[in-house]
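> The following block contains a protein sequence and its predicted model.
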2 protein chains.
Amino acid sequence: MPRRNAPFSIIRRLPIYLRILDNLIKKDVDIISSRTLSSRTGFTAEQIRKDLAYFGAFGTRGTGYNTVFLREKLLNIIGLDKENHTIVVGAGDLGTAFGRYNLIKNPYIGVVGLFDISDEVIGKSVEGLMVQHLDCMPEVIDKYNVKVAILTIPSSQAQTVVNKLVKSGVTAILNFAPTKLNVPDYVHVHNIDLTIELQSLFYFTVLEEEKDSV
Amino acid sequence: MPRRNAPFSIIRRLPIYLRILDNLIKKDVDIISSRTLSSRTGFTAEQIRKDLAYFGAFGTRGTGYNTVFLREKLLNIIGLDKENHTIVVGAGDLGTAFGRYNLIKNPYIGVVGLFDISDEVIGKSVEGLMVQHLDCMPEVIDKYNVKVAILTIPSSQAQTVVNKLVKSGVTAILNFAPTKLNVPDYVHVHNIDLTIELQSLFYFTVLEEEKDSV
């Protein structure tokens, strides 16, 4: 199975298929067609068939995909078919949101640590998990073999924390700090900049107003 | 200026340039080269020059861009050169994070409403803005001419709220609910699915482990 070097654009769609399969399996649905997957995702059926065919022949022409089989394959491809742990650094509103949501709802990834440096939040409990001081982070990373970390701290502190994460063995970072992080080549950083996402949406409202005034 | 139909990939980079310009102007820096912009963003200098040239000739060859001039142009292109308002629907951890961050730090977009249906959060103050009942939403949208809304509510309620937003005149939605929303063609929805972003990162950790074991 050519797992390596699959385009990230494909990889990012796989968890979307996974979520739909989870819901179908809960409802005892055995088979799903690419057309139904299309109507639930908004991607074309052709795109979906192509995405899945990239990793192997998982469906039957004219019938569709077996939900349980496809789910297992996807879990394996993404790397969620084992115990997966993550930590959240920064226990402000966003970090708490992330910790809480994943502790309750994400069946595949366990949040095993929430870290901060502020006395105001250290000791606070988020769904039973206590916020710890940043100094405790390397031990937790080591204990749970954490490879993925979520960063929700101010830009000014981000690089220092990232250096610690990398030193402790983290190889993938979901970064919400609006700053460019320097990491070794083998570390993957995925930046989500919520201000940028919000600001860029205003472009469309101006477009709509211009159309209205033509 | 060909504002219309600019690729969204370009549009999304403009606020990143904008943030850098803001910081430079605060430090009284007059001129910035595409090379410096490149080192601060991680995009190539060529990409940056191409992005900006799409909208006009803003720089001087061999010198660079005037920071104040370029900032004004970018604000105009994105549509942030006027009073801009947004609302947040869903005052849980994520909605609160979004409201608080933008109320404090986003100089271009004012959050004028935070809405929820839970008595537990209605009446709560976030940076001086009080969480109101969802029923108050249309009035606030109308009063402030809100065109952009942020949605941080559970999937089960998302479509109902979106229908209300569209009916009230909202034309762009930043959606965090992990579900596909149905909207008229003229409404732009930008989905951010934090679970998907997190899950897809695990792919890279497996890749790294495979490389290690070769």
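Arrived safely, thanks for sending.
> Go ahead and confirm residue A:54 touches residue A:10.
Yes. The pair residue A:54 / residue A:10 is scored as a contact, 5.9 Å apart, by Cβ atoms under 8 Å. All C-beta atoms are positioned from the backbone trio N, CA, C, and that covers glycine.
> Now do the buried residues in the longest strand seen in chain A.
Ordering each strand of chain A by length in residues (DSSP state E) puts strand A:109-116 first. Within strand A:109-116, the residues scored as buried using 16 or more other Cβ atoms under 10 Å in any protein chain shown are A:109, A:111, A:112, A:113, A:114, A:115, A:116.
> next one: stretch A:14-24
For stretch A:14-24, the neighbour count (16+ other Cβ under 10 Å) marks A:14, A:15, A:16, A:17, A:18, A:19, A:20, A:21, A:24 as buried.
> any low-confidence regions in chain A?
A:1-4, A:212-214 (pLDDT under 70).
> Can you give me the domain assignment for it?
A:8-78, A:84-196 (automatic domain parsing).
> End to end on the longest one, go ahead and measure it.
Criterion Cα to Cα, to the nearest Å; first-to-last residue distance in domain A:84-196 is 30 Å.
> Now find how far off-centre that domain is within its chain.
Chain-centre distance of domain A:84-196: 13 Å, with Cα atoms, centre = their mean, to the nearest Å.
> Then stretch A:58-66?
For stretch A:58-66, the distance to the chain centre is 27 Å (Cα atoms, centre = their mean).
> in it, what's buried?
Neighbour-count burial for stretch A:58-66 flags A:59, A:64, A:65, A:66 (criterion: 16+ other Cβ under 10 Å).
> from the residues you listed, which single one is nearest residue A:187?
Residue A:187 lies nearest to residue A:65 out of these, by Cβ to Cβ, at 33.9 Å.
> buried sites along stretch A:203-210?
So, applying 16+ other Cβ under 10 Å, buried residues of stretch A:203-210: A:203, A:204, A:205, A:206, A:207, A:208.
> and of those, the nearest to residue B:120?
Using Cβ to Cβ, residue A:205 comes nearest to residue B:120 of the buried residues of stretch A:203-210, at 32.1 Å.
> How about the closest one: what's its closest non-neighbour residue?
Nearest residue to residue A:205, sequence neighbours excluded (Cβ to Cβ, 6 or more residues apart in numbering or on different chains): residue B:147, at 3.9 Å.
> List the residues that contact the one you found.
Residues near residue B:147 by Cβ atoms under 8 Å, 6 or more residues apart in numbering or on different chains: A:202, A:205, A:208, B:85, B:169, B:170, B:171, B:172.
> do the same with residue A:170
When contacts are counted by Cβ under 8 Å, 6+ apart, residue A:170 touches A:141, A:146, A:147, A:148, A:149, A:187.
> The residue nearest to the spatial centre of chain A and residue B:189, how far apart?
The C-alpha lying nearest the average C-alpha coordinate of chain A belongs to residue A:174 (Cα atoms, centre = their mean; 7.6 Å). Separation of residue A:174 from residue B:189 (Cβ to Cβ, to the nearest Å): 22 Å.
> where along chain A do the strands fall?
Assigned by DSSP E, chain A shows strands spanning A:31-32, A:59-60, A:64-66, A:84-89, A:109-116, A:125-126, A:129-133, A:148-151, A:172-175, A:188-191.
> The last one: which residues count as buried?
With burial defined by 16+ other Cβ under 10 Å, the residues of strand A:188-191 counted as buried are A:188, A:189, A:190, A:191.
> With stretch A:116-123 instead?
Within stretch A:116-123, the residues scored as buried using 16+ other Cβ under 10 Å are A:116, A:121, A:122.
> Can you tell me which of those comes closest to chain B?
Nearest to chain B, judged by Cβ to the nearest Cβ, of the buried residues of stretch A:116-123 is residue A:121 at 12.5 Å.
> and the residue lying closest to the closest one once chain neighbours are set aside, how many neighbours does it have?
Leaving aside its sequence neighbours, residue A:121 sits nearest to residue A:91 (Cβ to Cβ, 6+ apart; 4.5 Å). If you count neighbours by other Cβ atoms under 10 Å in any protein chain shown, residue A:91 ends up with 26.
> For residue B:210, see how far away residue A:91 is.
Distance from residue A:91 to residue B:210, by Cβ to Cβ: 33 Å.
> Ok, residue A:171 next?
Separation of residue A:171 from residue B:210 (Cβ to Cβ) stands at 12 Å.
> Likewise for residue A:90?
30 Å.
> circling back to that earlier point, next step: the buried residues of stretch A:203-210 restricted to helices.
Among the buried residues of stretch A:203-210, the members found in helices (DSSP state H) are A:203, A:204, A:205, A:206, A:207, A:208.
> tell me which of the residues you listed is nearest to residue B:37?
For these, the nearest to residue B:37 is residue A:203 (19.7 Å; Cβ to Cβ).
> residues in contact with the closest one?
Residues in contact with residue A:203 (Cβ under 8 Å, 6+ apart) are B:6, B:11, B:14, B:77, B:78, B:79.
> try 10 Å this time
Residues in contact with residue A:203 (Cβ atoms under 10 Å, 6 or more residues apart in numbering or on different chains) are B:3, B:6, B:8, B:10-12, B:14-15, B:77-80, B:172, B:188.
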